[in-house]
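# with the sequence up front, the predicted model follows.
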Amino acid sequence: MKKITLLVTVLILCPFIWAQNSARLFETVSETDVPPIVVDAQSYLFPNSFVDEWKLQRDTANKQLPIRYISKFRMDGQDGYTASYLDEGTPIFHSQFMMAQNIPETVLLKAQYDQEQYEIVSADFMTLYATNLEVYRVKLRDNAMEKRFFYDINGNKIAEESLPEELILFEN
């Protein structure tokens, strides 16, 4: 009876687990497969950058429909930059990865105070174009458990439910 219950549970959960993973699938594409308007937007916004990689996120329901293009690029010789664009070239946001020692002190001290049981690992400084919002997504770890919290540029914690929709949908 235990084996049957386990089997039924696994069969029920498998589609949900697969669906969650497939929503996060991205495919690497060459620059020639990226719409010219997206490439132009990248060049306009980051004229001194060098794109190392383009990724495409497709709609999970209709795999032919592109959702967004993501550039992974270097600027001024530094790695760790990404930018997301809709397929018509509209920028969604861009981010800069930074290790804990490079996080501005106001944000770092507040995150350490708020989450003293966790070790701060890194952060992404994100700029959202539609709202002109600038936030730090701080990644923290306690042994194997990892969490993330959002802070504004002054070190004030931002509740996830108050973040713009596009950040929640596209942050990964």
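Structure's in. What do you need? Numbers count the residues shown, from 1 in each chain.

# and the strands in this protein, which stretches?
Here the chain has its strands, by DSSP state E, at 27-29, 49-58, 66-75, 78-85, 91-99, 119-128, 133-142, 145-152, 157-158.

# mind showing which ranges of this protein have poor pLDDT?
Within the chain, the stretches with pLDDT under 70 are 1-24, 171-172.

# repeat that with 90
In the prediction, the chain carries residues with pLDDT under 90 at positions 1-26, 58-67, 76-77, 112, 114-118, 142-145, 147, 160-161, 163-172.

# write down the beta-bridge partners of E146, one by one.
For E146, the residues forming beta bridges with it (DSSP bridges) are R141.

# can you tell me how far it is from G155?
Counting by C-beta to C-beta, to the nearest Å, the gap between E146 and G155 amounts to 21 Å. Placement of C-beta: from N, CA and C, glycine included.

# so I103 makes contact with Q112?
No - the pair formed by I103 and Q112 falls short of the contact definition of C-beta atoms under 8 Å, at 9.8 Å.

# which neighbours do those two have in common?
For the pair I103 and Q112, residues contacting each of them under the criterion C-beta atoms under 8 Å, 6 or more residues apart in numbering are I120.

# which of those two has more neighbours?
Of the pair I103 and Q112, I103 is the one with more neighbours under other C-beta atoms under 10 Å, namely 21 against 16.

# contact partners for the more buried one?
The neighbours of I103, taking C-beta under 8 Å, 6+ apart as the test, are A111, I120, S122, A123, Y136, V138.

# which ones are touching the third one?
Contact analysis of S122 by C-beta under 8 Å, 6+ apart lists F97, M98, M99, A100, I103, V138, K139.

# which residues does it form a beta bridge with?
Here S122 sits in beta bridges with M99, K139, going by DSSP bridges.

# same thing with W54?
The residues that W54 bridges to, once DSSP bridges is applied, are V29, S71.

# next, count neighbours for it.
23.

# nice, that's everything, thank you.
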